[in-house]
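[1] Below is the sequence, then the predicted model.
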Amino acid sequence: MSNLNDDFKRVDLLQYVELNFPCKTVKLNDKETRVNPCPACGHNDCCTVYTDTNTFNCFSGACTAAGTVCDLMLATGQASSVKDAADKLGLNADYNDSKASPSNNIDNPETTSGNKLTDAIKRAATNHADRIAKRESYFLNRGLKADIITKYGLKIDGDKALLPGGIVKNIDTGDYMNPAGQTPPTLNAEHLQSTGVVYVGEGAFDALSLEQLGQKAISINSVSNVAKFIEQLKESKTTCTIVSAFDNDDAGQKATEKLRDGCKALKIPFDVFKVHKYKDVNEWLVSDLKEFEAAVARFNVSINAININRADCFDTFLATRKTPRSYISTGWGELDRALGGGLVADTYCIGGTPGAGKSAFVLQICQAISKTEIPVLYFSLELSEDEIDARNTSRLTYMNDSASFLSALKINMGNLDDDQWKILDGVTPEYKATFKNFHIDTCKRDRTVSYIAETATRHKTVSGQSPAVVVDYLQILQTSNNRQTDKQTIDDAITELKRLSNSLNMPVIIISSLNRAGYDKGDSMASFKESGSIEYSAAVAMNIMPSKKGKDQLELRRNGEPTPSIETELQIVKNRHYITGTVTFDFFGAGNYFKEQSLHDKMRCK
């Protein structure tokens, strides 16, 4: 009896995908083909089929699908079990449950393309319409996420998709049917009683595509209903801004002009969200989610800038000047003073030479922020959760008793004696109280800035509180665009993180490496790798490195002389909010602790 897993590995997975899913495929090289959108999660630029092993992997943070054709069938609902997948592919007359199981750890089997497997794939393709009609992946393939599907009660009934307002779509033919003898109501008409921007689309999928991005969107069900919708606007006495998001065709353009004229007559603010190269909003969402998200974000920024004149805002501006500006303390008084009062909603870039203590320095800032009940999201692309926990614990033991503390290395090694456990027990209550607002994400599946922005925004949505964000570190960030240079990737990352800071109204701290020219002299922007984007986009740029005295201390340490601390300078080379200059610290590396030197002794602020 052959192992069923081997049979799954012999199925031409790329052929199966092309026959069974409405996806586009792009050959990356002789062994890899990109599939858009991912059949499992519906996202673009994340799913790769490996033609030499007949396996696939989705790298999206929202999706964990990977493996053989069996894993794909299970992930997309085309099979309810391994046996069901084998039956539908016609692979096993002698099914052996103990030998057959999905596997994400694939060897490199010899690919075969016998008639048996080819016929099985074709049979699966023939039955595809019946299978897909029985699961919600139809809506997923339209780019809609589970929360939207649940919120709007989207369901499948046989070969029909049940949409809001009693509208039914035949999945096979694409035809829409209204409820007998009824006119479907305007979807989300209640948005007309709100303020701000309200998008108006032709169909439900267009409106739901925008709702999925957190926008307010209405569907009028057909461009033939524009006149009725204008009457609805008149009756609602709405004060919102109406934005046309109709289809990119002649009918959509005519409907847009008609709606523009109606809004003008009613003195309702009006604008147009252009779909450009796609047929409609939903096709844009499915074809290129990231491009669609960016376009909506840019449009919202531009429409707010256009609709709001500063004269109307001046009284509010003056009112906010009556109270002091709110700052977030770094935990060091003199650094706060050098920054103008502390951290504000902007981007802070901290660079340094290897071993200078960049991560330790920023983690100590995180400790100070977390203690103030402000959440901190620490995106660590280098250190593990355990390494960060050990460093934070080490610092607390050092602050508690500098004569008897535990290094992070010792904590990570384990095998502690009774006295060392007493030290840990002594700081446990403080650790739990201090770091209850501190969160670590090691970005294991997605190291792009888009993932960081999505996660931080989701945290705000779920918790209702904006987090401070730390990225450790900049040069490890990746891009979904393989054609970008390192400089382009960093430029895009800095720009997106600046946008994230504005969106969250919170500081974003970015750790960066320095170029080799900056190892000896880090008092200029040129010290940063790819410094162009940092120079123009970061509000504050700082370099951390040993001072002249600190370098002498390091030399003594190399020669075997005990030097518990290294004098370290934080050089503020750019500061949009206050002054540039140098703040001096003693860095106790074994305890992961920075102690700020006194103002009169060593602190130099120009």
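    Now that the structure is in, tell me what you want to look at.
[2] How is the residue nearest the centre of the chain assigned, secondary-structure-wise?
    By C-alpha atoms, centre = their mean, the chain has its centre lying nearest to Tyr451, at 2.1 Å. Under DSSP: H, G, I helix; E, B strand; the rest coil, Tyr451 falls in the helix class.
[3] State which strand of the protein is the longest.
    Longest strand in the chain by number of residues (criterion: DSSP state E): strand 566-575.
[4] by contact count, what packs against that one?
    helix 333-338, strand 540-546, helix 548-558, strand 581-588 (3 or more C-beta pairs under 8 Å, 6 or more residues apart in numbering; DSSP states H and E). (Each C-beta comes from the backbone N, C-alpha and C, glycine too.)
[5] what sits up against the second one?
    The contact list for strand 540-546, computed with C-beta atoms under 8 Å, 6 or more residues apart in numbering, reads 339, 346-353, 356-358, 361, 514, 518-519, 522-523, 525, 527-528, 534-535, 553-554, 566-577.
[6] With stretch 500-508 instead?
    328, 343-348, 374, 452-453, 456-457, 460, 466-471, 497-498.
[7] which intervals of the chain have sub-threshold pLDDT?
    1-2, 61-62, 92-136, 304-309, 481-483, 516-527, 529-533, 535, 598-606 (pLDDT under 70).
[8] mind listing the strands for the stretch 251-400 of the chain?
    270-272, 347-352, 376-380 (DSSP state E, counting those that start in this stretch).
[9] Equivalent analysis for the stretch 401-550 of the chain, please.
    438-441, 468-472, 508-513, 540-546.
[10] Relative to Ile365, which of the ones you listed is closest?
    strand 508-513 (7.0 Å; C-beta to C-beta).
[11] and this structure, what are its domains?
    4-127, 133-184, 188-307, 343-542 (automatic domain parsing).
[12] okay, the ones you listed in TSV with distance to Trp332 next?
    Listed next are the domains of the chain as TSV, based on distance: least, C-beta to C-beta, whole Å:
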stretch	distance to Trp332
domain 4-127	35
domain 133-184	42
domain 188-307	35
domain 343-542	8
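[13] about what we covered before: need the strands of the stretch 401-550 of the chain in JSON lines with distance to Ser81, can you?
    Shown next, in JSON lines, are these (distance: least, C-beta to C-beta, whole Å):
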{"stretch": "strand 438-441", "distance to Ser81": "33"}
{"stretch": "strand 468-472", "distance to Ser81": "42"}
{"stretch": "strand 508-513", "distance to Ser81": "46"}
{"stretch": "strand 540-546", "distance to Ser81": "56"}
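[14] Can I get those strands in JSON lines including distance to Asn592 and mean neighbour count?
    JSON lines is the format used below for those (distance: least, C-beta to C-beta, whole Å; neighbours: other C-beta atoms under 10 Å):
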{"stretch": "strand 438-441", "distance to Asn592": "15", "mean neighbour count": "19"}
{"stretch": "strand 468-472", "distance to Asn592": "14", "mean neighbour count": "25"}
{"stretch": "strand 508-513", "distance to Asn592": "15", "mean neighbour count": "25"}
{"stretch": "strand 540-546", "distance to Asn592": "14", "mean neighbour count": "25"}
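[15] among the contacts of stretch 500-508, which ones are buried?
    The neighbour-count criterion (16 or more other C-beta atoms under 10 Å) marks 328, 343-348, 374, 452-453, 456-457, 460, 466-471, 497-498 among the contacts of stretch 500-508 as buried.
[16] Verify the stated contact: Asn54 with Asp71.
    No - counting by C-beta atoms under 8 Å, Asn54 sits too far from Asp71 to count as a contact (11.2 Å).
[17] Now name the helix or strand holding Lys595.
    Using DSSP states H and E, Lys595 sits in strand 593-596.
[18] centre of the chain versus that strand, how much separation?
    33 Å (C-alpha atoms, centre = their mean, to the nearest Å).
[19] quick revisit: now for the domains of the chain, which one comes closest to Ala590?
    Of all the domains of the chain, domain 343-542 comes closest under C-beta to C-beta, at 4.8 Å.
[20] distance between the ends of that closest one?
    Domain 343-542 has an end-to-end distance of 13 Å (criterion: C-alpha to C-alpha, to the nearest Å).
[21] on that earlier part again, TSV for the strands of the stretch 251-400 of the chain, including distance to Ser80?
    Output for the strands of the stretch 251-400 of the chain, formatted as TSV (distance: least, C-beta to C-beta, whole Å):
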stretch	distance to Ser80
strand 270-272	46
strand 347-352	49
strand 376-380	37
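[22] Let me know which of those strands is tucked in deepest.
    strand 347-352 (a mean of 26; mean count of other C-beta atoms under 10 Å).
[23] now it and strand 540-546, what's the angle there?
    Per axes from the mean of the first three to the mean of the last three C-alpha atoms, to 10 degrees, the angle that strand 347-352 makes with strand 540-546 is 20 degrees.
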